[in-house]
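> my questions are about this predicted structure, shown below with the sequence.
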Amino acid sequence: MTPFKKVLLFCHRWLGFISGLVVFIVSITGCIFCFQDEIQDAIHHHRTVQNTGKPYVQPSQLINEVKKAYPGASSDFIYYYGAERPAAVYANLGKDIYELVYLNPYTGKITYHEKLQTNFFVIVEYIHLYLLLPPAIGKWVVGVSVIIFMVIMITGLILWWPKRKSDRKRSFTIKWGGRWRRINYDLHNVLGFYATSIAIILSITGLAIAFEPVSKAIYNTANVGRNIKYEDEVTEPKSDSLKRAGLANKPVVDIAFAYARQQSPGAEMFLIHNDPALSGAIGVGAYPTSMRYAGASGYEFDKYNGKLLKTYAYDKKSPGLKLNEMNYDIHVGQIGGLTTKIIAFLASLICASLPITGFIIWLGKRKKSKSKGKKVRDAVHHKTHRRTVQASSF
């Protein structure tokens with residue numbers, strides 16, 4: 001082994017020791033989270049409703065129903081998930097207590113409610129993002145470990161890559177008929193090779209969720225450094241609370257929803273941000289596919305008179321902004337439907353296995369090195385003893 005590869009092996013091994021446990025936890029929770037929508041749909045009947053073909057009830061009606069059940073709660077977000085899915089209101093009860101209240105979008109009646117803190121997949125997501133540590137600390141522990149893991153994947157690829165073309169075919173397959181140590185070795189190297197490209201994509205998109213500079217770097221790279229004036233202007237329009245002349249004659253949240261539906265008739269899902277702050281605006285996101293967050297158009301309205309403040313039309317967005325808005329769908333594997341979900345699931349499972357198989361390889365080499373050293377010492381002692389006996393016989 002060349003000195004360069006010896007340095008790489010040292011880095012690969014010790015960086016693996018440093019980040020291995022975190023990588024395992026983050027990968028296995030990511031694995032579980034990949035199919036969270038499908039699993040929850042299968043076990044929770046409240047996540048589906050019968051499509052009656054009638055118009056949706058107004059957002060204001062959903063808000064009123066929630067306020068009857070939870071007096072004093074603010075309805076920060078309203079969701080219309082799709083024609084065969086319930087509407088939902090994210091109710092802020094204060095003191096960091098939240099309820100997600102599900103309602104029938106055709107009748108406005110409450111069908112189910114849950115505390116998000118007790119949802120299994122919300123807990124899994126929190127572990128994935130923060131390891132159940134305070135977010136300010138946890139995101140850095142996870143983020144640094146993910147960066148280290150990317151370095152490990154690259155160094156591992158360099159170390160493993162076969163020199164001779166004749167060895168490559170054998171190197172790309174697992175020798176299932178070999179001894180268990182050989183199978184473990186192949187599982188670490190071969191599966192690691194196949195998962196590297198997907199793992200790096202998942203790592204970068206995960207870092208972009210946690211760290212704004214990474215998201216900004218992706219934005220600038222996709223835009224080839226161009227400054228997009230349309231997107232750099234006021235990104236969060238605000239209502240003027242001092243000028244309330246011309247107040248709307250109906251709830252602004254209903255005006256906003258109706259306008260978004262008219263401008264985005266093909267959208268299946270709508271997310272309404274009903275900002276409770278005095279200076280805030282009401283925003284509506286229109287998403288072309290239910291439970292997918294890419295390809296959205298957005299609309300912002302004055303919360304007092306319903307005046308349209310800004311439109312974020314999808315076809316006018318820059319490549320960088322479009323890519324950033326795809327980030328979540330890419331990270332969880334749903335960007336291409338079931339196929340990419342399976343790919344993300346398998347890649348995450350492989351990533352979770354790498355610290356384990358790598359540790360077994362290191363343990364085996366360590367034991368082998370000790371055993372070899374013992375044999376050499378025994379051989380030297382045996383030869384020395386024989387010479388001593390022979391010398392004493394004269």
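Thanks, I have it.

> buried set for stretch 96-105?
Neighbour-count burial for stretch 96-105 flags 98-105 (criterion: 16 or more other C-beta atoms under 10 Å). The way it works is simple: take the backbone N, C-alpha and C, and place the C-beta from them, glycine included.

> what's the answer for stretch 13-30, then?
Buried residues in stretch 13-30, counted by 16+ other C-beta under 10 Å: 13, 15-16, 19-20, 22-30.

> got the CA coordinates for it in PDB?
Below are the C-alpha coordinates for stretch 13-30, written out as PDB (Å, rounded to 0.1, in the frame of the first residue of the first chain):
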ATOM      1  CA  ARG A  13     -10.800   4.300   9.900                       C
ATOM      2  CA  TRP A  14     -10.700   7.000  12.600                       C
ATOM      3  CA  LEU A  15     -13.300   9.300  11.000                       C
ATOM      4  CA  GLY A  16     -15.500   6.200  11.000                       C
ATOM      5  CA  PHE A  17     -14.900   5.700  14.700                       C
ATOM      6  CA  ILE A  18     -15.800   9.300  15.400                       C
ATOM      7  CA  SER A  19     -19.000   9.500  13.400                       C
ATOM      8  CA  GLY A  20     -20.100   5.900  13.200                       C
ATOM      9  CA  LEU A  21     -22.800   5.900  15.900                       C
ATOM     10  CA  VAL A  22     -24.400   9.100  14.600                       C
ATOM     11  CA  VAL A  23     -24.300   7.900  11.000                       C
ATOM     12  CA  PHE A  24     -26.000   4.700  12.000                       C
ATOM     13  CA  ILE A  25     -28.800   6.500  13.900                       C
ATOM     14  CA  VAL A  26     -29.400   9.100  11.200                       C
ATOM     15  CA  SER A  27     -29.400   6.500   8.500                       C
ATOM     16  CA  ILE A  28     -31.700   4.100  10.200                       C
ATOM     17  CA  THR A  29     -34.200   6.800  11.100                       C
ATOM     18  CA  GLY A  30     -34.000   8.100   7.500                       C
END
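
> contacts for that stretch next, please.
124-125, 127-128, 131, 141-142, 144-146, 148-149, 151-152, 155, 202, 206, 344, 348-349, 351-352, 354-356, 358-359, 362 (C-beta atoms under 8 Å, 6 or more residues apart in numbering).

> greatest separation within the buried residues of stretch 13-30: which pair is it?
The span of the buried residues of stretch 13-30, defined through C-beta to C-beta, is set by Arg13 and Thr29 at 24.9 Å.

> coming back round to it: of the contacts of stretch 13-30, grab the buried ones for ChimeraX.
Per 16+ other C-beta under 10 Å, the buried members of these correspond to this ChimeraX selection:
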select :124,125,127,128,131,142,145,146,148,149,152,155,202,206,344,348,349,351,352,354,355,358
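
> give me the subset of the contacts of stretch 13-30 lying in strands.
If you go by DSSP state E, these have nothing in strands.

> reformat the buried residues of stretch 96-105 as a markdown table; add secondary structure and distance to Phe4.
Output for the buried residues of stretch 96-105, formatted as a markdown table (DSSP: H, G, I helix; E, B strand; the rest coil; distance: C-beta to C-beta, whole Å):
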| residue | secondary structure | distance to Phe4 |
| --- | --- | --- |
| Tyr98 | strand | 53 |
| Glu99 | strand | 58 |
| Leu100 | strand | 54 |
| Val101 | strand | 60 |
| Tyr102 | strand | 58 |
| Leu103 | strand | 62 |
| Asn104 | coil | 65 |
| Pro105 | coil | 62 |
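
> where does the prediction get shaky in the stretch 51-200 of the chain?
165-169 (pLDDT under 70).

> any idea which residue sits dead centre in the chain?
Geometric centre of the chain, nearest residue: His331, 4.5 Å, by C-alpha atoms, centre = their mean.

> so that residue touches Gly206, yeah?
Yes. Between His331 and Gly206 there is a contact under C-beta atoms under 8 Å: 5.8 Å.

> which is the succeeding secondary structure element to the helix or strand that contains Val26?
Taking DSSP states H and E as the criterion, Val26 maps to helix 3-33. Following helix 3-33 in sequence order, the next helix or strand is helix 36-43 (DSSP H and E).
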